[in-house]
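let's see this in three dimensions:
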Amino acid sequence: MAGINGNGDCGGVGGGERGECITNHVDKGSMESHRLYLSRRTVLEMLRDRGYDVPDSELTRSLTEFRSLFGDNPDLLRLRITVAHLSNPFKRIMVIFCGTDDIRTASVRSMYAQIMNIEHLKGLILILQSKINAFARKALENYPFKVELFQITELLVNITKHIVMPKHEMLNAVEKQRLLSEYKVEDKKLPWMLETDAFARYRGLEKGQVVKVTYSGGDADSFETYRYVK
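Take a look at the predicted model:
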């Protein structure tokens, strides 16, 4: 019986040849490039879900294309992302991939010096591959916009694509007020969703927002509830 060889044909059944056949299907690129590819793709999907202008070409790029463009040991500076919101081009957000060195106060100050002149920057997402100390976290609070922190391991999979994830919809101000009037309740009396919840972080939700959550196990089993972000 034949097996697949390096040319796409089949070879013999000898142990060595079978081993060579199997290795043809193994990812021969670096683990680093694979992790950066997966996390960057999830971030781009996250930005698209938040309403930012993310080109389709960025979302459909394959691992092979990623390595062809950025190399097997990508330069983190080249992986940075800056996009504008579709509803407001003057609202821009930037994503920075940090290295493996621990992040300290000096790093935070240096980073701000690099980005302070970017026009209309209203938010920053840092993808961490190491620890960030308490002093550096405190320094980030001095930035004139919201800074979000994600460990790279949190972004290797898009949690919103998980089969058991219920449907989440953010209510706008009008929808929120209509809901509260209908049920004659204050928003803080609704069930809670913490601002640190994985989905809340993915969508960049802030305290005071209300989310409609739909659980579905079939038409008969579907039901809706609401969560107040606390």
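
and residue 99, which of the three is it?
Recorded secondary structure, residue 99: coil (DSSP: H, G, I helix; E, B strand; the rest coil).

give me every residue that touches it.
Applying C-beta atoms under 8 Å, 6 or more residues apart in numbering, one finds that residue 99 lies in contact with 76, 129-130. Where C-beta positions appear, they are placed from N, C-alpha and C, glycine not excepted.

in ChimeraX, how would I select just the buried ones from the residues you listed?
With 16 or more other C-beta atoms under 10 Å as the criterion, this ChimeraX line picks the buried residues out of these:
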select :129
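
looking at the contacts of residue 99, spot the one nearest residue 85.
residue 76 (24.4 Å; C-beta to C-beta).

please verify my assumption that that closest one contacts residue 98.
Yes. Between residue 76 and residue 98 a contact is recorded at 7.3 Å, counting by C-beta atoms under 8 Å.

just the helices in this protein please.
Per DSSP state H, the chain carries helices over the ranges 15-23, 31-49, 56-59, 63-70, 105-115, 134-140, 173-183, 198-203.

out of those helices, which comes closest to residue 214?
helix 198-203 (12.9 Å).

what is the least confident helix or strand in this structure?
strand 3-4 (a mean of 40; mean pLDDT, DSSP states H and E).

so where's the protein shaky on pLDDT?
1-26, 163, 217-220 (pLDDT under 70).

outline the domain layout of it.
The record's domain parsing of the chain by automatic domain parsing lists 31-157, 160-229.

and those, which is most packed in?
Highest mean neighbour count of those: domain 31-157, a mean of 15 (counted as mean count of other C-beta atoms under 10 Å).

show me how far it is from its chain's centre.
Taking C-alpha atoms, centre = their mean, to the nearest Å, one finds domain 31-157 lying 9 Å from the centre of the chain it belongs to.

quick one: contacts for the residue nearest the centre of the chain?
What sits nearest the mean C-alpha location of the chain, by C-alpha atoms, centre = their mean, is residue 43, with 3.1 Å. By C-beta under 8 Å, 6+ apart, the contact set of residue 43 is 81, 95, 125, 127, 150, 155.

okay, the contacts of residue 99 in CSV with distance to residue 31 next?
CSV is the format used below for those (distance: C-beta to C-beta, whole Å):
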residue, distance to residue 31
76, 15
129, 12
130, 16
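
test my guess that residue 180 contacts residue 188.
No. Counting by C-beta under 8 Å, residue 188 is not a contact partner of residue 180; they are 10.3 Å apart.

so which of the helices of the chain is nearest residue 166?
Per C-beta to C-beta, nearest to residue 166 of the helices of the chain: helix 198-203, 9.1 Å.

pull the CA atoms of the closest one into CSV?
C-alpha atoms of helix 198-203 as CSV (Å, rounded to 0.1, in the frame of the first residue of the first chain):
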residue,chain,number,x,y,z
ALA,A,198,-14.6,37.8,29.6
PHE,A,199,-17.3,39.0,27.2
ALA,A,200,-17.4,42.5,28.7
ARG,A,201,-13.7,42.8,28.1
TYR,A,202,-14.0,41.5,24.6
ARG,A,203,-16.5,44.1,23.7
